[in-house]
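> Could you work out the structure for the sequence below:
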Amino acid sequence: MRQDIVLAASANHKGGLDLKAVIDRWEGEYAVLDIQGKIANIKKDQIPPDAREGDVLVKKHGQWMVDRKSSEKIKQETDHLADELWED
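As a prediction, the model looks like this:
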């Protein structure tokens, strides 16, 4: 098993492993994913069509899915940090 996949895998509530990643950017036919600091290029057709840059993805049963709860949490944290940066 590849090291980056092992590092990014986390136990789920059923005792299985879920792979988590963040969409860093899109390059042509690929989504560039950040998997705990490791970069992976995944073909767009393997990513949900509604996924956006910054979304958290989880791979379950061989399919990538958007983790809406984690994505929203990261967006809120990022917005909060940006607001603090621009406060007078």
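> Which secondary structure state does the residue positioned nearest the centre of the chain sit in?
For the chain, the residue nearest the mean C-alpha position is Val22 (2.2 Å; Cα atoms, centre = their mean). Following DSSP: H, G, I helix; E, B strand; the rest coil, Val22 is assigned to strand.
> which helices and strands does the longest helix seen in the chain pack with?
Secondary structure assigned by DSSP state H gives helix 68-86 as the longest helix of the chain. When contacts are defined as 3 or more Cβ pairs under 8 Å, 6 or more residues apart in numbering; DSSP states H and E, helix 68-86 packs onto strand 56-60. Using the backbone N, CA and C atoms, a C-beta is placed for each residue, glycine as well.
> quick one: buried residues of the strand it packs on?
Buried residues in strand 56-60, counted by 16 or more other Cβ atoms under 10 Å: Val56, Leu57, Val58, Lys59.
> How about the contacts made by the second one?
For Leu57, the residues meeting the contact criterion (Cβ atoms under 8 Å, 6 or more residues apart in numbering) are Lys20, Ala21, Val22, Ile23, Leu33, Ile47, Pro48, Ala51, Trp64, Met65, Val66, Asp67.
> Give me the neighbour count for Glu27.
Neighbour count of Glu27, defined by other Cβ atoms under 10 Å: 10.
> any idea how far it is from Lys44?
10 Å (Cβ to Cβ, to the nearest Å).
> what do you get for Glu84?
From Glu84 across to Lys44, the span is 34 Å (Cβ to Cβ).
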